[in-house]
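Enquirer: Sequence isn't available, so here's the structure alone:
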C-alpha cells in the first residue's frame, strides 16, 4: 500500500510541476501574474520547510540525510541543490557555443 501511495504522490507532484512549467512557458501576462502570485509563496514555503528539515545539527551533520551508520556533513545534497537552483542558477556559465541551440547564437561581427 505504501508503494502505491508513494507513486500516486510522486505522480501528482511531477504533474503539478509540469503544469507550472507549461504555464510559465505559454501563459499570457495576466495569467502568468496570477499564477506567480498564488504559486510563488507556496513554492518558497515548500523550500523553507524542506531546508529547515536539513539544517545541520550541533555536530554539523544533516539530520535528514544522516543514518546511524553514516553521518552526512552539511551542506547536504538538498542544500547544494537549493543553492544551485535558487542562487547560482542565474549566475551559472552559459553552455559552450556548440551546445546552444542555433537561434541563441549571435552572428559574429565581420572582421575588417
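Expert: It's in. This is a predicted model, so every value here is computed, not measured.
Enquirer: what's the domain layout of this structure?
Expert: 14-53, 56-87 (automatic domain parsing).
Enquirer: Find the residue closest to residue 71 in space, skipping its chain neighbours.
Expert: residue 61 (4.5 Å; CB to CB, 6 or more residues apart in numbering). Backbone N, C-alpha and C define where each C-beta goes, glycine included.
Enquirer: Looking at the residue nearest the centre of the chain now. What's its pLDDT?
Expert: Centroid-nearest residue in the chain: residue 85, 4.8 Å away (criterion: CA atoms, centre = their mean). For residue 85, the pLDDT comes out at 89.
Enquirer: so it sits in a strand?
Expert: No - counting by DSSP: H, G, I helix; E, B strand; the rest coil, residue 85 is not part of a strand but helix.
Enquirer: Name all residues that make contact with it.
Expert: By CB atoms under 8 Å, 6 or more residues apart in numbering, no residues touch residue 85.
Enquirer: Across the sheet, point out what pairs with the residue nearest to residue 71.
Expert: residue 73 (DSSP bridges).
Enquirer: Quick check, it in contact with residue 67.
Expert: No - here residue 61 does not reach residue 67: they are 10.4 Å apart, not a contact under CB atoms under 8 Å.
Enquirer: Settle it for me: which of the two has more neighbours?
Expert: Between residue 61 and residue 67, counting by other CB atoms under 10 Å, residue 61 is the more crowded of the two (16 against 7).
Enquirer: That's all I had, so thanks and see you.
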